[in-house]
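In: Here you go, sequence then predicted model.
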Amino acid sequence: MQNMYLKGGKLFVLDQTKLPNEEIYFTPKTKEDYYYAIKTLQVRGAPAIGIFAGYAMAMLDGNKEELKAYLDSCRPTAVNLSYATSRMLKAYKDGKNLLDEATAIHNEDIEMCRKISEYGLSLLHDGDGVLTHCNAGELATSKYGTGLGPLILGAEKGYNFHAYVDETRPLLQGARLTSYELEKAGIDTTLICDNMASLVMKQGKINAVLVGTDRIAANGDIANKIGTSGVAILAKYYGIPFYVLGPYSTIDYKCKTGDDIVIEEREQSEIKEMWYKKPMALPETKCYNPSFDVTDNSLITAIITDRGILRAPYRESLERIKDND
């Protein structure tokens, strides 16, 4: 499954807002097209956003520093976005071929996802029941994905997993995207409402929880789709391993703890109107719609990166894999 690809000098991008009912690719042409695509979640998932922004920096003319700042403002929580634009800006200043650099970011993500998937698969067993939250598969990254990568790679290798997929309100990434990806990968999949996670854990159906992440703080706190911390608390209560999977580029060493992570707030309409024929609440009803929450590192069993499996104390284990530059 390709969420974006180059052909004939153009970038074709799968519009994730149309899934699972329509598979439609669009071609962004202006900086506003790229900004809108990220802001409205046509492109979503921290690694995919970074790849997409890399292509934007390569394919758009104009002041690259201003373009970087413009793109970075779309989704402030997703550290891969600023990582990719910073790398592309440096490549521009160094006189490199920007399309080659953007393609390198894309190819490196594929290899990172493969490594993460292999490390994650080593922690699972054939026949495991696995709970997922939000979407962290090929749609959100590149090949395999992060949070879903061990399941998809495992299916290729003949493992039989049973995935329980949180629907992930209010944008329903689990329902629309994760179940879509897992079904296409031939994995036994059951979609559940977010508030059913505790029950399936209590019933003994869950052996592990796999989630992706948009940002990892230097102490191991993570930011992910709203509701992730609640799933982590439940997993801790029931003694179920809670694994976070993300590339090295998701680690923000300048962000000391989860308290320093900026939480993006999104439109009220996503709760009341977006997926309904008629509004599900009165116009005057106020909504609070943070896109992310922060999961405390004490709730995390392991952080799985392309550089290995990290365990507590996370400040030390994250420091061990840090680049010297």
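Out: Received, thanks.
In: Now do the buried residues in the strand or helix carrying residue 179.
Out: Secondary structure from DSSP states H and E places residue 179 in helix 179-184. Across helix 179-184, burial judged by 16 or more other C-beta atoms under 10 Å covers 179, 180, 181, 182. Yep, even glycine has a C-beta here, placed from its N, CA and C like the rest.
In: Now do the same contact list for the nearest residue to residue 82 once chain neighbours are set aside.
Out: Beyond its immediate neighbours in the sequence, the residue positioned closest to residue 82 (C-beta to C-beta, 6 or more residues apart in numbering) is residue 72, lying 5.0 Å away. Residue 72 makes contact with 81, 82, 85 under the criterion C-beta atoms under 8 Å, 6 or more residues apart in numbering.
In: And for the helix or strand where the second one lies, what's in contact with it?
Out: Just to be clear, that refers to residue 82. Per DSSP H and E, residue 82 falls inside helix 79-93. When contacts are defined by C-beta under 8 Å, 6+ apart, helix 79-93 is touched by residues 38, 46-47, 49-51, 53-54, 57-58, 64-65, 67-68, 71-72, 74-75, 98, 101-102, 105, 214-215, 247, 249-252, 255.
In: Just give me how far that helix sits from the chain centre.
Out: 19 Å (C-alpha atoms, centre = their mean, to the nearest Å).
In: Quick check: what element follows that helix along the chain?
Out: With elements assigned by DSSP H and E, the helix or strand that comes after helix 79-93 is helix 98-121.
In: Could you give the average pLDDT over the helix or strand following that next one?
Out: Toward the C-terminal end, the helix or strand that comes next after helix 98-121 (DSSP H and E) is strand 129-132. In this model, strand 129-132 has an average pLDDT of 98.
In: how about the CA coordinates for strand 129-132, as PDB?
Out: What follows is strand 129-132, C-alpha atoms only, in PDB (Å, rounded to 0.1, in the frame of the first residue of the first chain):
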ATOM      1  CA  GLY A 129      -4.400 -10.800  20.800                       C
ATOM      2  CA  VAL A 130      -3.100  -7.300  20.200                       C
ATOM      3  CA  LEU A 131      -4.900  -4.000  21.000                       C
ATOM      4  CA  THR A 132      -4.200  -1.000  18.700                       C
END
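In: ok, that strand: who's next to it in the sheet?
Out: With DSSP bridges as the criterion, the sheet partners recorded for strand 129-132 are strand 162-166 (parallel), strand 208-211 (parallel).
In: and the protein, what are its domains?
Out: Domain assignment of the chain by automatic domain parsing yields the ranges 4-110, 118-320.
In: Run the chain-centre distance for the shortest one.
Out: Put plainly, it is domain 4-110. 15 Å.
In: go on, the longest one?
Out: With C-alpha atoms, centre = their mean as the basis, domain 118-320 stands 8 Å off its chain's centre.
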